[in-house]
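Chemist: Okay, predicted coordinates and the sequence, questions at the end:
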Amino acid sequence: MSDDQLVLVINSGSSSIKYQLLNPATGVVAASGLVERIGEPTGAIEHSVPGHDTLEHTGPIPDHKAGLRLAFDMFAETGLDLAEANVCAVGHRVVHGGEVFYRPTLITDEVVDTIAKLSDLAPLHNPANLTGIESTRELLPGVPQVAVFDTAFFHGLPEAARTYAIDAKVAAAHGIRRYGFHGTSHEYVSGRVAEVLGRDPETLRQIVFHLGNGASASAIRGAKPIDTSMGLTPLEGLVMGTRGGDIDPGIIGHLVRSGEYDIERIDRLLNRNSGLKGLSGVNDFRELTRLIDEGDAAAKLAYDVYIHRLRRYLGAYLVELGGVDAITFTAGVGENSAQVRADALADLSAFGIEVDPALNTARDRAARRISPPGAPVAVLVVPTNEELAIARGARGVVAELG
Ligand code: ADP
């Protein structure tokens, strides 16, 4: 397969679509964009081409297909007509692959049906991903479409790590197990760590913290994950922007018995009104930091709970791995908040874990080490690039087609 072929990566949410056209061999981005507020009167599209002014569209965007059609027109306006460009595949992010999908998969009618059936497991995500897939299949019928699953990397988790200790018959009947999410990011970042350290990934014990709006941790031994913090759904684990992560499941029964909560209200509470937002009123980390600087006690407590949870997972994974060679921070908060990195790993020199203050606060966007030279445990900041990982997965599938 030639090295100048491009992949269009699409991440379709319920009311938005992020897209990127890039070269999977070099990582060079030809164009990227965001379609927002689909279905609302205030729809908007921003389309960026490196070296050109950003194109903007505002106005109602009735559905995903209309949004993509407008975006594709913007490609053409900037001289990159998708029908004529060298696009070898479209790679779609799909959140839940269940037990069925654990590698990038060529999309057929049957695959679409199966992803739809898996919507039971991811009602907020899979239907939105499918809308993007169906629209793109109609708009670019000649281009192979590939689904890349957020759960795939964690498919082979050891049985003890993936099993919930509930009635095994109930779990089997309802597909209940730890699936894990952000897998594309954990896989990409842990691979980059091995490159940055110049080590064979097979020899490394790693802990990766993906800290964005959603947040998750993983423990990886020899390039294979042995545990991860998200579970059946992306609600479990770390404290996130609007999700609280681990809670006592008894809280749900307690609220239902109060008579004030039905399942929709519980879902809203756990998905949208918990986490940093539930504790402090804001879900954006920069806002949280601003409130803390102003002396806001609720924001400070939210931050402390966030760090406490990170350290709890760090301790658990350190023991599960029997020691660690590399600890890595990625995504919006992980890449940008030196404070979070310093606080998450404070006072752990007894375990060989140290952060160098100057390296930690250096303004550098590249993948880098922030532990002192010669420290037993490498601590790193590695920018994630889920689009590139999806593009490479899609290109791999197309290459196999011949
Ligand atoms: P998503 O999960 O939506 O992809 P991102 O990985 O972009 O999210 O992360 C978004 C989070 O990163 C937000 O909470 C945002 O406030 C935070 N963030 C971005 N830049 C900074 C920064 N300079 N300092 C602290 N937090 C930041």
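Modeler: Done, it's in. Residues are numbered from 1 along each chain as shown.

Chemist: what's the burial count for the closest residue to the ligand within the stretch 301-402 of the chain?
Modeler: Scanning the stretch 301-402 of the chain for proximity to the ligand using Cβ to the nearest ligand atom identifies G332 as nearest, at 2.0 Å. For glycine as for every other residue, the C-beta is placed from the backbone atoms N, C-alpha and C. G332 has 17 neighbouring residues, counting by other Cβ atoms under 10 Å.

Chemist: Now do it against T384, distance only.
Modeler: Remark: distance between G332 and T384 (Cβ to Cβ, to the nearest Å) = 9 Å.

Chemist: Same question for L6.
Modeler: Distance from L6 to T384, by Cβ to Cβ: 21 Å.

Chemist: K300 now?
Modeler: Following Cβ to Cβ, the distance that separates K300 from T384 is 28 Å.

Chemist: again with I220
Modeler: Relative to T384, and taking Cβ to Cβ, I220 is found at 14 Å.

Chemist: More neighbours: which of K300 and T384?
Modeler: The neighbour comparison of K300 against T384 (other Cβ under 10 Å) goes to T384, with 24 against 16.

Chemist: And that one, which helix or strand is it part of?
Modeler: Element membership for T384, per DSSP states H and E: none, as it lies in no helix or strand.

Chemist: What about the nearest residue to G191 once chain neighbours are set aside, how many residues nearby?
Modeler: Counting by Cβ to Cβ, 6 or more residues apart in numbering, P201 is the residue found nearest to G191 once chain neighbours are left out, at 6.5 Å. P201 has 16 neighbours, counted by other Cβ under 10 Å.

Chemist: doesn't S190 make contact with P201?
Modeler: Yes: the pair P201 / S190 is scored as a contact, 7.1 Å apart, by Cβ atoms under 8 Å.

Chemist: Quick check: neighbours shared by these two?
Modeler: A223 (Cβ atoms under 8 Å, 6 or more residues apart in numbering).

Chemist: sorry, back to before: just list the residues touching the residue nearest to G191, thanks.
Modeler: With Cβ under 8 Å, 6+ apart, P201 has these contacts: 190-191, 194, 222-223.

Chemist: Please indicate which of these are buried?
Modeler: When the contacts of P201 are checked for burial by 16 or more other Cβ atoms under 10 Å, the buried set is 190, 194, 223.

Chemist: nearest residue to the last one other than its sequence neighbours?
Modeler: Spelled out, that is A223. P201 (4.1 Å).

Chemist: need the residues of this protein near the ligand, please.
Modeler: 212-214, 241, 284-286, 331-333, 336-337 (Cβ under 6 Å from any ligand atom).

Chemist: May I ask which of those residues has the most neighbours?
Modeler: V333 (26 neighbours).

Chemist: That one touches G214, doesn't it?
Modeler: No: with contact defined as Cβ under 8 Å, V333 and G214 do not form a contacting pair (10.6 Å).

Chemist: Could you pull up the mean pLDDT of the strand or helix carrying T289?
Modeler: T289 belongs to helix 285-293 when elements are defined using DSSP H and E. Model confidence over helix 285-293, given as mean pLDDT, is 98.

Chemist: what does it contact?
Modeler: Under Cβ under 8 Å, 6+ apart, the answer for helix 285-293 is 241, 276, 280, 282, 298-300, 302-303, 332-333, 337, 339-340.

Chemist: And for stretch 59-70?
Modeler: So stretch 59-70 is contacted by 10, 12, 17, 19, 35, 37-45, 57, 131-132, 134-136, 138-139 (Cβ under 8 Å, 6+ apart).

Chemist: Only C-alpha atoms, please: export it in CSV.
Modeler: Presented in CSV, the C-alpha positions along stretch 59-70 are these (Å, rounded to 0.1, in the frame of the first residue of the first chain):
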residue,chain,number,x,y,z
GLY,A,59,-27.1,27.6,11.0
PRO,A,60,-29.5,24.7,11.6
ILE,A,61,-28.0,21.2,10.8
PRO,A,62,-31.0,18.8,10.8
ASP,A,63,-29.1,15.6,11.1
HIS,A,64,-25.7,13.8,10.9
LYS,A,65,-25.9,13.2,7.2
ALA,A,66,-26.6,16.9,6.5
GLY,A,67,-23.7,17.8,8.8
LEU,A,68,-21.3,15.5,7.0
ARG,A,69,-22.5,16.7,3.6
LEU,A,70,-21.7,20.3,4.6
